[in-house]
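K.L.:
output the structure for:
(one chain, ligands or ions: 1)
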Amino acid sequence: MNTTSPFPLIDPHVHMTSRTTDDYEAMRRAGIVAIIEPAFWMGQPRTEAGTFKDYYSHLIGFERFRSSQFGIKHYCTIGLNSKEANNEPLAEQVMELLPLYVAKEGVVGVGEIGYDDQTAAEDKYYRLQLEIAKEVNLPVQIHTPHRDKKKGTLRSMEVALEHGIDPGMVIVDHNNEETVKDVLDRGFWAAFTIYPHTKMGNERMVEIVKQYGPERIMINSAADWGISDPLAVPKTVALMLERGIPEDQVRLVSYGNALAAFGQSGQMPESDWLEAQPIDQSQKFSGSSILRGGQTPRIDEANTPTSNIIR
Ligand SMILES: [Zn+2]
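P.N.:
This next block holds a predicted model:
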C-alpha cells in the first residue's frame, strides 16, 4: 500500500520529543504538514518543577525548530498530565508555571489533561486546568484513561460541562467503539489514536468512519517512547481511501477537523504551512543546528514547493 497521502495531513497528537529525525523525514514524505505535541508524562517521574519548566520551553522552542528543519509546522498543548497530578506538592508548583506557558506562541490548547487512575488529585488538577483554559479561551485536549475508559470518558465530559466549557472547545482523545457515540452526542470532538498491534487499529477506524461519518472525528498516532507508529495517520488514510470512504470525508478526519478544532486557538492558521518558508537546514537554534560533522544542509529554493503534494 502506498502511504503517501494525495492531500496534506495533520497529526494532532504526537510526542516528537521521543522520536527521531528519520520519523520526521518519513512523516513529511507521507504528507504530514503540521503536528500537535501535547505535554505528557515522559516515563521517568519528574521530581522538580524546574524539569516541567524546561520541558514546556522545549516544546515551544527547540522541538518547534527541529520540526521546521524537516518542513513540518509544530504546535503544542501545555498542561500537567494526569499521572503526575498525583504528586501534589509538585503539581502545586507546576500550576504556577502554566499561565505563563499557555500564552506562548504556537500553543493551541491546554493538554493533555484528564484522568488516569481517576483519583481525587487528578480530579482537582483537571478542574483547575479547565479553569485556565476557560480564562485564556483555548481548546482543551483530554486524555481518557485506559482502565475504566467509558466511566473516565463520561466523567471528563461531565466535569468540563460543569465548568461551563463549550463542548466545541474540547477534543476528547483515545476514543474507541464504546465511547464514540457518547462523545459525539454531547457535541465534543472525538479523537482516535491508532496504535499498532492493538484492537483500535486502522481497520476498526475505517468501520467507525463508515458508521458515524466524518463530522467531529479526527485520527492521530500518539506516537511516543512506547510501541507506536508516527505514520499511523497516513497509513489509516490510505486504508480509508482503499476501502471506499469518499476523499472529502477522509480529508476531514485527517486534516480539516483537527484544523477546525485546534484552530480555535488562533495560533494555527493554515497559511503557516501553505505559505511556509522553504526548508533551510543551515539554520540554528541557540547556536545549534540539526547537522552533525560534515553533513550538507538541505536548503530548498524559495520557488520550489516543499513537497510533491498535489492539492
Ligand atoms: Zn499523548
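
K.L.:
check contacts around the residue in the stretch 201-311 of the chain that the ion sits nearest to.
P.N.:
Taking C-beta to the ion as the measure, the stretch 201-311 of the chain has residue 222 as its residue closest to the ion, at 4.7 Å. All C-beta spots, glycine's among them, are computed from the backbone N, C-alpha and C. By C-beta atoms under 8 Å, 6 or more residues apart in numbering, residue 222 lies in contact with 13-15, 173-174, 193, 195, 228.

K.L.:
secondary structure class for the nearest residue to residue 8 once chain neighbours are set aside?
P.N.:
In space, and not counting its chain neighbours, residue 8 is closest to residue 33: 4.4 Å by C-beta to C-beta, 6 or more residues apart in numbering. Put simply, residue 33 is strand when judged by DSSP: H, G, I helix; E, B strand; the rest coil.

K.L.:
going forward, the N-terminal residue is numbered 873.
P.N.:
Let's use 873 as the start, then, which means that last one is residue 905.

K.L.:
pLDDT weak spots in this protein?
P.N.:
873, 1071-1072, 1175-1183 (pLDDT under 70).

K.L.:
how about a cut-off of 80?
P.N.:
Applying pLDDT under 80 to the chain flags residues 873-874, 1070-1073, 1174-1183.

K.L.:
near the ion, which residues of it? Just list them.
P.N.:
Within the chain, the residues that sit near the ion (C-beta under 5 Å from the ion) are 912, 1094.

K.L.:
who's in contact with the nearest residue to residue 1107 once chain neighbours are set aside?
P.N.:
Spatially, and ignoring its direct neighbours in sequence, residue 1107 is nearest to residue 875 (5.2 Å; C-beta to C-beta, 6+ apart). If you count contacts by C-beta under 8 Å, 6+ apart, residue 875 has them with 902, 1103, 1106-1107, 1109-1110.

K.L.:
what's the neighbour count on the residue nearest to residue 880?
P.N.:
24 (other C-beta atoms under 10 Å).

K.L.:
which residues in this protein form helices?
P.N.:
893-901, 921-932, 934-940, 960-974, 992-1008, 1021-1034, 1052-1057, 1074-1084, 1104-1114, 1119-1123, 1129-1134, 1143-1146 (DSSP state H).

K.L.:
okay if I get those helices as a markdown table plus mean neighbour count?
P.N.:
Output for those, formatted as a markdown table (neighbours: other C-beta atoms under 10 Å):
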| stretch | mean neighbour count |
| --- | --- |
| helix 893-901 | 17 |
| helix 921-932 | 17 |
| helix 934-940 | 19 |
| helix 960-974 | 16 |
| helix 992-1008 | 18 |
| helix 1021-1034 | 18 |
| helix 1052-1057 | 17 |
| helix 1074-1084 | 16 |
| helix 1104-1114 | 23 |
| helix 1119-1123 | 17 |
| helix 1129-1134 | 22 |
| helix 1143-1146 | 13 |
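
K.L.:
so which of those helices comes closest to residue 1157?
P.N.:
Nearest of the helices of the chain to residue 1157, taken as C-beta to C-beta: helix 934-940 at 4.0 Å.

K.L.:
name the helices or strands packed onto the closest one?
P.N.:
helix 893-901, strand 945-950 (3 or more C-beta pairs under 8 Å, 6 or more residues apart in numbering; DSSP states H and E).

K.L.:
for that helix, report the contacting residues that lie outside it.
P.N.:
With C-beta under 8 Å, 6+ apart, helix 934-940 has contacts from 888-889, 893, 896, 907, 909, 945-946, 948, 978, 1151, 1155, 1157-1158, 1162.
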